[in-house]
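Participant: coords please:
(one chain, ligands or ions: 2)
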Amino acid sequence: APVPDDALLEGLNPQQREAVLYRGPSLLIVAGAGSGKTSVLTRRVAGLIQTREAWPSQILAITFTNKAAAEMRERVQALVGGAAEGMWISTFHSACVRILRRQAESMGMTQSFTIYDSADSRALIKRILKELDADTLGFTPGNVSGKISKLKNELTDAESYSRNVNADDPQEVAFLEIFRRYTAGLRRANALDFDDLIAETVHLFRAFPEVAALYQRRFRHVLVDEYQDTNHAQYSLIRELVRPIKPQHVPEDTRMSVDANGGIPGASLTVVGDSDQSIYAFRGADIRNIVEFERDFPNSKVILLEQNYRSTQNILDAANAVISNNFDRKAKNLFTTVGSGDKIIGYTGYTGHDEAQFVADEIATLHEQGERYSDIAVFYRTNSQTRALEEIFIRSAIPYRVLGGTKFYERAEIKDAMAYLIQVANPADDLALRRIMNVPKRGIGPATEAALQGYADRVGVTLRDALPDAAQLGLGPKVTAAILEFAAILDEATDSAPTTKPADILVKILERTGYIDALRATRDPQDEARIENVEELVAVTKEFARNNPEGTLVDFLTEVSLVAAADELDDSSGTVSLMTLHTAKGLEFDAVFLTGVEEDLLPHRISSGEPGGLAEERRLFYVGITRARKRLYLSLAMTRSTFGDTSVAMPSRYLQEIPAELIEWRQSPGMATSRGGTRSRALNGRGTGSSERFGYGTALPAAPPRVKTEWTNTVTNKVRDNGDLTLAVGDRIRHSDFGEGRVTGVTGEGSKSIAEVLFDQAGRKRLLIKIAPIEKL
Ligand code: ATP
Ligand code: MG
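Facilitator: Numbers count the residues shown, from 1 in each chain. Ligands and ions are numbered 1, 2, ... in the order given. Here you go, the predicted structure:
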């Protein structure tokens with residue numbers, strides 16, 4: 001085979017080089033974290049294009065997030081120039097949406113189908129549970145959607161599920177009915193949920209082999225990153241894509257080389273993965289996919305990579321030590337040539353707030369030493385841990401971003417505006433219509449909605465189609481007029497949609513419905529933030545138009561619905577990234593803070609009881625550790641409050657698996673019994689370094705430490721407002737936690753001004769003046 005040029009192979013070690021150059025039907029690259037799996041995949045793609053072994057359009061590369069896809073596309077382009085156009089680099093979901101939109105008709109849907117996110121799915125399930133009075137059987141929208149999702153990931157639909165239902169079990173029978181209604185509800189709304197995107201594509205390919213053949217002929221090289229986290233549906237999709245093409249599906253005039261029977265061999269498949277990083281079993285990811293790859297794809301070449309290029313040896317030693325406690329895995333040891341590096345820093349706070357303060361102080365110090373905020377990340381197991389971190393970060397004026405969590409697109413006002421757009425694109429979507437029927441308020445109450453719904457059900461039309469008939473329902477002139485006006489706004493937008501930019505559609509709707517005016521009219525300060533958010537959405541649509549001059553409303557909605565948590569990450573933004581451990585996969589940062597390394601959080605309470613749960617949580621911990629390039633911090637708290645309850649927290653069992661000499665404890669878990677530390681010492685995290693080991697249950701007090709009351713109260717949970725307090729250099733102030741100090745600098749304006757203060761005891765801090773707990777002396 002032709003060989004790519006030297007620039008493309010530069011710096012690769014022999015195994016990596018082999019992985020880039022190997023040619024054959026299937027290749028499996030298994031290797032630990034940071035060994036260059038993603039880099040190799042990228043160069044392989046670039047190599048195929050550069051040597052002209054493949055047209056860009058013949059390549060399908062699957063990444064785990066849209067962000068990773070964008071990065072890979074950029075790198076390939078850097079290596080081979082503009083030739084990379086037309087190449088599909090995307091997530092499973094994006095690739096499937098593209099396929100399904102093109103083939104929607106063969107599936108009895110329209111091209112503008114809506115994609116339901118998990119909140120939408122739950123809303124639909126909630127309605128069904130109400131219809132069936134099913135909450136009495138212990139069903140909740142959460143557990144039902146979880147179960148349906150699991151089944152769909154196994155490619156089980158309501159019909160195939162029905163074959164195995166035990167008719168004597170009322171629970172199972174009821175669930176089947178819910179599943180059926182849910183499926184029918186999605187159909188009626190011309191909608192698919194997230195799991196459908198994959199499952200329906202597989203069904204499509206199986207039901208229409210000639211459609212599958214289109215894609216099999218097109219994609220001659222299929223490459224998959226993070227293969228360890230594929231579930232059964234995704235695995236099946238890959239199998240369909242790389243199937244050999246039967247002679248009857250080979251066009252007469254094909255220029256592809258056919259075999260003796262007139263068929264075409266399947267596409268070449270490359271997968272890369274690390275079974276130690278499999279963390280999505282709860283979503284149906286099946287670690288066996290990687291273990292059994294060789295069996296499923298005979299004649300596969302397997303390449304192992306062992307050198308790690310990301311982290312220091314101390315960090316790798318910790319990662320290796322932890323993961324070696326999982327049995328049933330192939331032993332592999334990561335090594336690096338960069339040297340041992342700094343020790344891992346450990347810290348035990350008295351409370352979650354104390355822990356957060358330590359993190360903030362350390363970040364401030366790192367930043368002073370020249371580390372960019374964007375090279376620092378804070379990880380946690382559950383979203384509820386962000387509150388304490390955010391509060392302290394705001395007060396310490398550390399710029400940060402929360403990835404995932406309450407996302408922009410989950411805010412009520414954004415969902416409202418999006419529901420308008422979705423309804424305009426897909427009039428069959430009753431869920432979207434119900435959301436906006438009375439938003440902004442136009443006098444359509446629940447009774448009116450029920451009347452409309454009843455009419456729609458009787459006549460057999462969608463809710464949207466029922467609107468123009470409102471006059472026949474005897475609803476009273478005022479509300480009838482409101483409904484007709486509402487219908488007119490929607491119809492006008494729908495008519496204009498094919499030829500109008502999404503931004504213009506949105507602006508027009510906001511104007512005509514008076515949505516913004518309604519927010520302006522209230523005195524609620526929250527509404528001001530809501531207006532800003534809606535304006536931000538308008539900005540998003542305008543940016544979309546800049547990037548996609550031809551982009552339609554449906555294109556815009558597709559893009560938005562596929563934005564995954566990690567996609568919000570923006571390197572240039574100069575902010576610290578906060579995210580869950582799950583979101584952290586595949587990413588890397590100079591400094592990583594892994595917080596809440598406690599029993600019940602990591603391992604999480606829910607997983608501990610499940611088979612394989614502890615091993616999966618350990619892999620999650622391993623993923624977190626291996627994100628760090630240079631510095632790793634492990635922190636925990638002795639007490640943690642969730643939803644207002646405070647409970648004693650125990651150090652995570654996984655901490656014990658890290659060799660003691662690798663961690664330098666700034667404040668160790670063992671200090672709890674001999675707590676001589678003063679408050680300021682705790683706050684500054686500069687206790688005497690102690691590397692003593694700790695024993696479970698012995699070192700920690702049985703009840704929350706009594707000092708807790710003394711100083712958690714000083715870190716109040718409410719953000720205060722100092723109004724227009726102005727400070728100048730030289731002013732003396734008193735801070736409720738840090739005591740007295742002198743202002744040494746003021747930057748920024750208005751509500752964003754920041755004071756730099758040299759405290760007499762606590763040292764230098766940066767504070768957001770508007771909300772810091774301070775008074776001028
Ligand atoms: P993960 O398992 O976390 O997804 P990975 O195996 O995909 O990791 P990459 O992200 O590809 O690893 O690489 C880790 C880091 O090492 C990246 O910063 C990458 O640029 C760098 N790297 C990879 N190979 C080499 C090499 N041969 N020389 C120098 N740096 C390399
Ligand atoms: Mg990777």
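
Participant: wait, what's in contact with the residue of the stretch 1-150 of the chain found nearest ligand 2?
Facilitator: Across the stretch 1-150 of the chain, the shortest distance to ligand 2 (CB to the ion) belongs to residue 38, at 3.3 Å. C-beta here means a position set from N, CA and C on the backbone, and glycine is covered the same way. Applying CB atoms under 8 Å, 6 or more residues apart in numbering, we find residue 38 in contact with 68, 72, 225, 272, 586.

Participant: Of these, which belong to helices?
Facilitator: Assigned to helices by DSSP state H, the following of those qualify: 68, 72.

Participant: Pull stretch 614-631 out as PDB, backbone CA atoms only.
Facilitator: Output of stretch 614-631 as PDB, limited to C-alpha atoms (Å, rounded to 0.1, in the frame of the first residue of the first chain):
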ATOM      1  CA  LEU A 614     -17.800  -1.400  42.200                       C
ATOM      2  CA  ALA A 615     -15.600  -2.300  39.300                       C
ATOM      3  CA  GLU A 616     -17.400   0.200  37.000                       C
ATOM      4  CA  GLU A 617     -17.000   2.900  39.700                       C
ATOM      5  CA  ARG A 618     -13.300   2.100  39.900                       C
ATOM      6  CA  ARG A 619     -13.000   2.500  36.100                       C
ATOM      7  CA  LEU A 620     -14.700   5.900  36.500                       C
ATOM      8  CA  PHE A 621     -12.100   6.800  39.100                       C
ATOM      9  CA  TYR A 622      -9.400   5.600  36.700                       C
ATOM     10  CA  VAL A 623     -10.800   7.700  33.900                       C
ATOM     11  CA  GLY A 624     -10.700  10.800  36.200                       C
ATOM     12  CA  ILE A 625      -7.100  10.200  37.300                       C
ATOM     13  CA  THR A 626      -5.800   9.600  33.800                       C
ATOM     14  CA  ARG A 627      -7.200  13.000  32.500                       C
ATOM     15  CA  ALA A 628      -4.400  14.900  34.400                       C
ATOM     16  CA  ARG A 629      -1.200  15.800  32.600                       C
ATOM     17  CA  LYS A 630       0.800  17.300  35.400                       C
ATOM     18  CA  ARG A 631      -1.100  17.800  38.600                       C
END
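
Participant: does any bit of it sit next to ligand 2?
Facilitator: No: Stretch 614-631 does not reach ligand 2 (CB under 5 Å from the ion); its nearest approach is 10.3 Å.

Participant: what is the mean pLDDT for that stretch?
Facilitator: Mean pLDDT, computed over stretch 614-631, is 96.

Participant: which stretches of the stretch 301-450 of the chain aren't confidently modelled?
Facilitator: Where the stretch 301-450 of the chain drops to pLDDT under 70, the residues are 404-408.

Participant: If we use 80, what do you get?
Facilitator: Within the stretch 301-450 of the chain, the stretches with pLDDT under 80 are 328-333, 383-384, 387, 404-411.

Participant: List phi and psi for residue 236.
Facilitator: phi -60, psi -40 (degrees, to the nearest 10).

Participant: Could I get the pLDDT score of it?
Facilitator: pLDDT at residue 236 comes out at 94.

Participant: How about it: what's its closest non-neighbour residue?
Facilitator: Nearest residue to residue 236 in three dimensions, chain neighbours excluded: residue 202, at 4.9 Å (CB to CB, 6 or more residues apart in numbering).

Participant: top strand in the chain by residue count?
Facilitator: Once the chain is assigned using DSSP state E, the strand that runs over the most residues is strand 628-642.

Participant: Report the strands that pair with the helix or strand following that strand, each with its relative direction.
Facilitator: Next helix or strand after strand 628-642 toward the C-terminus (DSSP states H and E): strand 645-648. Looking at strand 645-648 with DSSP bridges, its partner strands are strand 628-642 (antiparallel).

Participant: contacting residues for residue 467?
Facilitator: Counted by CB under 8 Å, 6+ apart, residue 467 has contacts 452, 483-484, 486-487, 490.

Participant: Mark which of those residues are buried, thanks.
Facilitator: Neighbour counting over the contacts of residue 467 (16 or more other CB atoms under 10 Å) leaves 452, 483, 486-487, 490 as the buried ones.

Participant: just checking, which of those residues belong to strands?
Facilitator: Among these, no member falls in strands (criterion: DSSP E).

Participant: got these as CSV, with pLDDT and distance to residue 13 columns?
Facilitator: Below are these laid out as CSV (pLDDT from 0 to 100; distance: CB to CB, whole Å):
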residue, pLDDT, distance to residue 13
452, 95, 66
483, 96, 68
486, 96, 64
487, 96, 65
490, 96, 59
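
Participant: of all the residues you listed, which two lie farthest apart?
Facilitator: Pairwise distances across the buried ones among the contacts of residue 467 peak at 13.6 Å for 452 and 490 (criterion: CB to CB).

Participant: Where does the stretch 601-750 of the chain get nearest to ligand 2, which residue?
Facilitator: residue 626 (10.3 Å).
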